[in-house]
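[1] need a 3D model of the sequence below.
(one chain, ligands or ions: 2)
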Amino acid sequence: MTRRHRSAGGRLGGMRIIVDTDPGVDDALALFNLAASPEAEIVAIGTVHGNVPAPQATANTLRLLELLGLTHIPVAGGAQRPLAQPLMTAESVHGDDGLGGFAGPEPVTRPTNESAAEQIVRLARANPGELTLLALGPLTNVALALQLEPELPKLLERIVVMGGALNAPGNITSYAEANFWHDPEAADHVLGAGFPDLTVVGLDVTMEAHADDRWLARLAALNNPIAAYATSIVGFYAAFYESFLGKPGFVPHDSLAVAIMLDPDLATYREERFAIELTGRHTRGQLVADLRYLAPGSPFDRDIAKDRTPAKYAVTVDTERFLDWMIDTLTVAEP
Ligand code: RIB
Ligand code: CA
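    Residues are numbered from 1 along each chain as shown. Ligands and ions are numbered 1, 2, ... in the order given. Next comes the predicted model:
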């Protein structure tokens, strides 16, 4: 991970990012990683239902920005329910407050008056071709933004999504990953919208990037308030993952999406045209693609999403370099 040092009082270029998130313990860690990365500027944050109800995600985002001393970053509350199914949340994984029981007192800052979808559209129109959208939760806000502005794929420079499972089992069901399962219609709409530079960071790589008890010990040894808070909030989440995987540690799904956004060379990819299964009794929310090798001139035609714009799906990751990067960013993290 090439780390450039912040120039005196300024940024050495780098990415300008809109984050869409449902904090969520791993979302919180991802925010800490991002905040400590000089290559990136967080322009705005939108919140969405998923790990917790959207209002809780908004309060948690405000709390995290207060902890980081980044209260200048606008936070827009987003969709409180999926497009076409009842709200379902995951407090059993992230804690009732979404931050492992350590959310703390109510935030003193407030969200903006616009919705997360409106914020995405306004900023994309005002900064055509300049912004990266990082989606760490269900894609409801991004789908709504596409409804407001169908030209969004031409207005964003890039979109990076944490979601899906292609050659890996699901997590929330046998076949579906949580972000896509929480709003399958939204995920399918985004995957078919024609974003020219779409990267999907799914369970095929995030489950490989497991942070074990030795990593947790490295985190606990760091001496700064952000790292100390990270150690606190990760306890509940790691206990869930130990029960889920049968080994100590946890999976930093959203941090890996940040790392790959900042340094695409961390991973290797396959380019496919994707859809989401919407009607399968056992498979609703599954990420699907026609992975068959079809030789040129084959009499067979693609039978899934064949007219869609291809997306890059991460298939391998340099786990050691990623986990070291996480520690690095939490070492330099400063409120
Ligand atoms: O499946 C993992 C994803 O679902 C992560 O974004 C996690 O925060 C949850 O939202
Ligand atoms: Ca998330």
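[2] how about the residues of the stretch 151-300 of the chain near ligand 1?
    Taking C-beta under 6 Å from any ligand atom as the measure of proximity, the stretch 151-300 of the chain contacts ligand 1 at 162, 171, 177-179, 253-254. Placement of C-beta: from N, CA and C, glycine included.
[3] could you list which of those residues also contact ligand 2?
    Counting by C-beta under 5 Å from the ion, the subset of these that neighbours ligand 2 consists of D254.
[4] quick check: the farthest pair among the residues of the stretch 151-300 of the chain next to ligand 1?
    Distance extremes for these: the farthest pair is N171 and D254 at 13.2 Å, using C-beta to C-beta.
[5] that older thread, of all the residues of the stretch 151-300 of the chain next to ligand 1, which comes closest to ligand 2?
    Of all these, the one sitting nearest ligand 2 is D254; the distance, using C-beta to the ion, is 4.9 Å.
[6] what's the neighbour count on the closest one?
    Residue neighbour count, defined by other C-beta atoms under 10 Å, stands at 30 for D254.
[7] show me what contacts it?
    Contacts were defined as C-beta atoms under 8 Å, 6 or more residues apart in numbering; by that measure D254 touches 21, 24, 26-27, 29-30, 136, 162.
[8] where does it fall, phi/psi-wise?
    Its backbone dihedrals place D254 at phi -70, psi -30, with angles given as degrees, to the nearest 10.
[9] any idea how far ligand 1 is from the residue nearest to it when sequence neighbours are not counted?
    Once flanking residues are discounted, D254 sits nearest to A30: 3.6 Å by C-beta to C-beta, 6 or more residues apart in numbering. Here the distance between A30 and ligand 1 works out to 8 Å (C-beta to the nearest ligand atom, to the nearest Å).
[10] how about A238?
    14 Å.
[11] sorry, back to before: in CSV: the contacts of D254, plus secondary structure, pLDDT and neighbour count.
    Below are the contacts of D254 laid out as CSV (DSSP: H, G, I helix; E, B strand; the rest coil; pLDDT from 0 to 100; neighbours: other C-beta atoms under 10 Å):
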residue, secondary structure, pLDDT, neighbour count
T21, strand, 99, 30
G24, coil, 97, 32
D26, helix, 98, 29
D27, helix, 98, 31
L29, helix, 98, 27
A30, helix, 98, 28
L136, coil, 99, 30
M162, strand, 99, 30
